[in-house]
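In: sharing a model prediction with you, sequence too.
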Amino acid sequence: MSQKNTPIHIKIISVHVGCMLRLERLKRKFSQHQVGLKSGTDSISVGRIERAEYNTAWYKIMLICDVLGVEFEKLFVLKSKEELLCIVDECYSLETKLTQEKKKYYSNLKDKIEEFFLRKSF
């Protein structure tokens, strides 16, 4: 990554995201309440995000990406089912302390991926 996600960078992104979401909401003539209901959240959260009043979980993801040298934007490019299952298999093979609980986790994760891709409508 060419640029670290500094606190000011994250604040600018928060404002950017909030403005973009507000613009799209207003274009569609939705209220914050309507967006909250349709998204499974509430109007207070929608308003705070639009006003960049608090950091959502993605800002922490950005900081973790910096530590790991992962391009934040690439996290949001959906992989195919096969690619995702390969990633899970690779994670499994790299585990150094593979407990029964972790084995179950990986098995359940693969089942979820299979199920999600069966139900996808895109």
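Out: Sure, I can see it. Residues are numbered from 1 along each chain as shown.
In: for the lowest-mean-pLDDT helix or strand in the chain, name the packing helices and strands.
Out: The least trusted helix or strand in the chain, going by mean pLDDT, DSSP states H and E, turns out to be helix 57-68, with a mean of 79. On a contact count with 3 or more CB pairs under 8 Å, 6 or more residues apart in numbering; DSSP states H and E, helix 57-68 meets helix 7-27. Heads up, the C-betas are built off the backbone N, CA and C, glycines and all.
In: any buried residues in the helix it packs on, and which?
Out: The neighbour-count check on helix 7-27 (16 or more other CB atoms under 10 Å) flags I10, I13, S14, V17, G18, R22, R25 as buried.
In: now for the fifth one: which residues touch it?
Out: To tie it back to what came earlier, the one meant is G18. G18 makes contact with I49, E50, R51, A52, according to CB atoms under 8 Å, 6 or more residues apart in numbering.
In: any low-confidence regions in the protein?
Out: Low-confidence segments of the chain (pLDDT under 70): 1-4, 56, 121-122.
In: which residues are contacting the least confident helix or strand of the chain?
Out: By CB under 8 Å, 6+ apart, helix 57-68 touches M1, K4, N5, I10, I13, S14, V70, E71, F72, L75.
In: and that helix with helix 7-27, angle?
Out: Angle of helix 57-68 versus helix 7-27, following axes from the mean of the first three to the mean of the last three CA atoms, to 10 degrees, is 140 degrees.
In: which of the residues in helix 57-68 are buried?
Out: W58, Y59, M62, L63, C65, D66.
In: okay if I get those residues as a markdown table plus distance to Y106?
Out: What follows is these, written out as a markdown table (distance: CB to CB, whole Å):
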| residue | distance to Y106 |
| --- | --- |
| W58 | 25 |
| Y59 | 28 |
| M62 | 26 |
| L63 | 26 |
| C65 | 23 |
| D66 | 27 |
